[in-house]
Structure formats: C-alpha cells, structure tokens
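[1] Provided below are the primary sequence and the corresponding predicted coordinates.
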Amino acid sequence: MRKTTKSLIAVTCAAAAFAAAGCGTTSENSGQVQNQDPTKNCKGPNEKYTIGMSQANLAEPYRVRMDDDIRKAAAKVPQFDVQFSDAAKDNSKQISDVENFLTKQVDLLMISPNEAAPLTDVVKKAYNKGIPVVVLDRKVDGEAFTTYVGADNVQIGRQAGEYFKNTLLPDGGKIVQIKGLSGSTPAAERDQGFKDGIQGSKIEIAATADGEWERSVGQQKMDALLKANPDIKAVYAQNDPMAEGAYLAAQAAGRNDLKFVGIDGLPIPSGGIKAVEDGRLQATNLYPTGGAEAVEAAKKLLIDCQPVPKTQTLETELVTKDNAADVYARLNQG
C-alpha cells in the first residue's frame, strides 16, 4: 500500500509539473521576455495584414495627429488594414484594448501607452506571443517590444532648459513647471532634461504641477500656481496645450508679463508653432508623432522581411518667432 501510495503521489506531482509547464513558464504568460523573430509574421507583399493601434487618448491634439499620420502613411500600403482604439486615459481600458487586438490575432501591435508600468505586462504578453510590437512616444518598462519610435525626451527637456538659461531668462528668476501625466515616461524625462538644461543658471523652479497633458487642466493648475507664486517670470509646460492653458490663466489674472515655452510643435492651425508665430508662446520644441516611421517599421517587418532597430530616435528642433513660419511651411510640404 505504501509503495502504491508513493507511486500515485509521484504520478500526480509529475502531472502537475507537466501542466505547469504547459501553462507557460516559457509562454507569453511568463515573467521572462521570450526571444522573438521580429520578421516571423512576414509573408511578403502579396498578403494582407491587420495592425492594431492602441492610443492612450484622443483628448490631446498630439495623439489625434499621431493617428492621422498613421492613417496617411498606411493608406500608401495597400496590404495594411489598421484598426484604432482609444483608451481615453484609462489604463484598464487600454489593457482591454490590447487584449482585444490579441484575440483578433493582429499581425502587428502599435501602442502609445497611457502609463508605462500598468501597460508593461500586456505588451510583454503580445511580444511573447511572437507579435511584433511598435511602441510610440511613451515607453513601457523593460525590453519586451520590437522597436520604440520617438524623440529623445531628455534631450527635448534639456533643449528647453538651455533656451531658458541662455535666451529667455539669462539673469535668472523664478518659474513654474507644468508636467504631463505622472507615470508617463515623457513627463519624467522632460523634467530631468530641463533641470539639466538650466543647471548653472539662477533660474529657480518655484513649483511644479501635474497638468495631465491637457489644456483645461493646465489652465486650472496655472491659476493656482499664480496665486501661490506671484513673483514668477515664466512657465515651462511639457506640452503646448498646457502652455496655452497657462497663458489663458495668466491673461485672466492680468499677467501679461509672463513668458511661456511648450513642447510638441504640431504644424496645424491650432498647434504650438502657430502659437509661437502669434506671440502666445515664446518657443516650442518639436516632438514628431512618429506615425509615418511606425508604418515604415511595420512595412519592413511584415512585407520586406527586414529587422528594424530596437530604438528609432526622431529629430527635434527649437521653434521660436525667428523660424516658426519656415518650420511650419516645411512640415506641411506634401
């Protein structure tokens, strides 16, 4: 009896171990990042491909432009069918959106994550399934993606900081910073870069608020910042809509003396470049959407059967009154 019992226990344990292995200690559910052949889904130019694009939100003009740039570029690739989802700033919804794309068995996933940490696991799940993943603008944690397309946010922040130090406030002074959504990688990186850029100057960041990347929130936060910090000279906002919101709050408070700098530089009538031309902002910093580059990466992976770089860094540029009209015209060519 003892021998039989031991045998049954051994068989049960072996079966449990086999089941555990089958459940995926080496599958997409594993905490480990699997080796991926990024061109595995490539079937050449004679096939059709479905791409899922998971957008963080469509409240920001920048994200609307990103989707538009993807549509425009994908329209030139007849093999591509791009399906879009809007997470509306909700991490749980974005996770569900990605899961839905996986259920549809998309050939490639594009994603601009709302926040890094909450979206990391579901992106890793897609990647470990062998689906190529193109991450745009905002990052996820770790290396479970095929390629990241975006500008260097630390560099952009540094560029803005150096403009403050060398041109806008060479004699120093107090300023306030309006950051983007906490938990999104550009917010932390643009803050770090800006502080690097103003190092050695007499510029003091008197206060910082989270404007959630939105104009209306930036306006509300600026109203409170002004009341608490009446002696500030300028505003560094981590995107143009928040800078415009801060400008409106300052106008309402009768503070026509303040200077404003943003980031994005969208080449649209309501974008940051025109705001610089019109004098509401003293400068903006170009932050390309990466939409066209993301589609080109998808084409290489799915149609051309070519690998792509792990990181694709897009070029930025400082836009001031001196070059705003030229930059706007150049970016709208074609």
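    Happy to help now that I have it. Numbering: from 1, shown residues only.
[2] okay, CA-based contacts and neighbour counts for the rest of this
    OK.
[3] burial measure for the residue nearest to residue 169 when sequence neighbours are not counted, as a count.
    Distances taken as CA to CA, 6 or more residues apart in numbering place residue 203 nearest to residue 169, at 7.4 Å, with adjacent residues excluded. Residue 203 has 21 neighbouring residues, counting by other CA atoms under 10 Å.
[4] any idea how far residue 203 lies from residue 194?
    As judged by CA to CA, to the nearest Å, residue 203 and residue 194 stand 11 Å apart.
[5] likewise residue 314?
    Residue 314 is 19 Å from residue 194, where distance means CA to CA.
[6] In contact with residue 316, which residues?
    151, 156, 285-288 (CA atoms under 8 Å, 6 or more residues apart in numbering).
[7] Neighbour count, secondary structure and pLDDT for these - can I get that in TSV?
    Shown next, in TSV, are these (neighbours: other CA atoms under 10 Å; DSSP: H, G, I helix; E, B strand; the rest coil; pLDDT from 0 to 100):
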residue	neighbour count	secondary structure	pLDDT
151	23	strand	96
156	29	helix	98
285	25	strand	98
286	24	strand	97
287	23	coil	97
288	23	coil	96
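[8] and which of the residues you listed is nearest residue 219?
    residue 285 (20.0 Å; CA to CA).
[9] what about residue 314 and residue 194, which has more around it?
    Comparing residue 314 with residue 194 by neighbour count (other CA under 10 Å), the higher total belongs to residue 194, at 25 against 16.
[10] buried stuff in the helix or strand containing the more buried one?
    In the assignment (DSSP states H and E), residue 194 maps to helix 185-197. Within helix 185-197, the residues that count as buried by 16 or more other CA atoms under 10 Å are 185-197.
[11] what's the answer for stretch 271-288, then?
    Judged by neighbour count using 16+ other CA under 10 Å, the buried positions of stretch 271-288 are 271-277, 280-288.
[12] Restrict that stretch to CA atoms and write it as CSV.
    C-alpha atoms of stretch 271-288 as CSV (Å, rounded to 0.1, in the frame of the first residue of the first chain):
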residue,chain,number,x,y,z
GLY,A,271,-0.8,73.9,-32.8
GLY,A,272,2.3,75.2,-31.0
ILE,A,273,4.1,76.6,-34.0
LYS,A,274,1.3,79.0,-34.8
ALA,A,275,1.1,79.9,-31.1
VAL,A,276,4.7,81.0,-31.3
GLU,A,277,4.1,82.9,-34.5
ASP,A,278,1.2,84.7,-32.9
GLY,A,279,3.2,85.5,-29.8
ARG,A,280,1.3,83.5,-27.1
LEU,A,281,4.3,81.2,-26.7
GLN,A,282,7.9,82.3,-26.8
ALA,A,283,9.1,78.9,-28.0
THR,A,284,8.1,75.3,-28.6
ASN,A,285,10.1,72.2,-29.2
LEU,A,286,9.3,69.8,-32.0
TYR,A,287,8.1,66.4,-30.9
PRO,A,288,7.3,64.4,-34.0
